[in-house]
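Novice: Model the structure of this input:
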Amino acid sequence: MLRRSFTALKSLVPLGDRVLVQRTVAVKETKSGVLLPEQSQKKMNEGTVVEVGPGTKDHDMTVKKGDTVVLPEYGGVSMKVDGKELFLYSEREILAIIKE
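Specialist: Residues are numbered from 1 along each chain as shown. This next block holds a predicted model:
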């Protein structure tokens, strides 16, 4: 997995069929207030779409900005933008869209 860091970035627009996602943060304490150690916190496999590329001539984009999506456990390019960790995925790597 590649890591990139950008500071003072106005906007980051993915190219082609790429999607920029912010992963959902794992719960660090229970409802009763008990703090969970990092080893017992599982990695969340869902996130919110921050930005979507324009697609390609062969493929129209299915996900939209603001969608909640299911992500694979591994993959994506990790990057820090304005102090937030974001991940860049190809749309075909996204497993599902969560609709409420």
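Novice: On the C-terminal side of the helix or strand of the chain with the lowest mean pLDDT, identify the next helix or strand.
Specialist: Sorting the helices and strands of the chain by mean pLDDT, DSSP states H and E puts strand 3-6 at the bottom, at a mean of 59. Heading C-terminal from strand 3-6, the first helix or strand you meet, by DSSP states H and E, is strand 18-23.
Novice: Convert the C-alpha atoms of that following strand to PDB, please.
Specialist: Extracted in PDB, the C-alpha atoms of strand 18-23 (Å, rounded to 0.1, in the frame of the first residue of the first chain):
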ATOM      1  CA  ARG A  18     -11.100   6.200  -9.100                       C
ATOM      2  CA  VAL A  19     -13.000   7.000  -5.900                       C
ATOM      3  CA  LEU A  20     -11.700   8.900  -2.800                       C
ATOM      4  CA  VAL A  21     -13.000   7.400   0.400                       C
ATOM      5  CA  GLN A  22     -12.800   8.300   4.100                       C
ATOM      6  CA  ARG A  23     -12.900   5.100   6.200                       C
END
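Novice: Could I get the pLDDT score of the residue nearest to the spatial centre of the chain?
Specialist: The centroid of the chain falls nearest to residue 21 when counting by C-alpha atoms, centre = their mean (2.5 Å). Listed pLDDT for residue 21 reads 94.
Novice: wait, doesn't it sit right on residue 86?
Specialist: Yes: between residue 21 and residue 86 there is a contact at 6.7 Å, judged by C-beta atoms under 8 Å. All C-beta atoms are positioned from the backbone trio N, CA, C, and that covers glycine.
Novice: which residues do these two both contact?
Specialist: Contact with both residue 21 and residue 86 is made by residues residue 50, according to C-beta atoms under 8 Å, 6 or more residues apart in numbering.
Novice: For the chain, which segments are assigned as strands?
Specialist: Along the chain, the stretches classed as strands by DSSP state E are 3-6, 18-23, 46-52, 68-70, 77-81, 84-90, 96-98.
Novice: Setting aside sequence neighbours, what's the nearest residue to residue 75?
Specialist: residue 93 (5.6 Å; C-beta to C-beta, 6 or more residues apart in numbering).
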